[in-house]
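**Student:** what shape does this take:
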Amino acid sequence: MRFVIQRVSRASVTVENKQIGAIDKGFMVLIGVCNEDTKETADRMIKKLIGLRIFEDEQGKTNLDLASVEGGLLLISQFTLYADCKKGNRPSFIQAGAPDMAKALYEYIIEECKKKVSQVEQGEFGADMKIELVNDGPFTIVLDSEQL
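**Tutor:** The predicted structure is shown next:
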């Protein structure tokens, strides 16, 4: 499982010209699922995501977590995080999770995050989404379950 986490001052997702989710301060997270991922993998990733201390404290040090700044989450499914570009110029997505399994894990992640964070917004699995964000910093972190 892969999360691309961007610390944002605001972010939104639009599908068919309709905004379906938006947050102010918080994390916009692209979520990639592979076939080997499980709920246990998701639980480890969620724990790390929620605990990341990458917001500035009063001394300007990145020392505060999401709860400390009352931040929100915007969670977006993103199978292209498993693009394999080794051969040629057209990426292969064979490593990405099968759609039914990936959707179930994405929905699981959303529900688990809602238990821990007061504002959780989401994209629409499999939809053509337009994402807008203001990356605060910029600050971007990539979490890969194989490295946790």
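
**Student:** could you use CA atoms for every contact and neighbour count after this?
**Tutor:** Fine.

**Student:** what mean pLDDT does stretch 73-83 have?
**Tutor:** Averaged across stretch 73-83, the pLDDT comes to 97.

**Student:** which other residues reach it?
**Tutor:** Stretch 73-83 has contacts (Cα atoms under 8 Å, 6 or more residues apart in numbering) with 2, 11-12, 21-23, 26-34, 91-97, 106, 110, 117, 119-126.

**Student:** what packs against whichever helix or strand residue 103 is part of?
**Tutor:** Under the criterion of DSSP states H and E, residue 103 resides in helix 99-114. Contacts defined by 3 or more Cα pairs under 8 Å, 6 or more residues apart in numbering; DSSP states H and E place helix 99-114 against helix 39-51, strand 120-122.

**Student:** adjacent strands (with direction) for the shortest one?
**Tutor:** Applying DSSP bridges, strand 120-122 is found paired with strand 72-77 (parallel).

**Student:** the strand it pairs with to helix 99-114, inter-axis angle?
**Tutor:** Angle of strand 72-77 versus helix 99-114, following axes from the mean of the first three to the mean of the last three Cα atoms, to 10 degrees, is 170 degrees.
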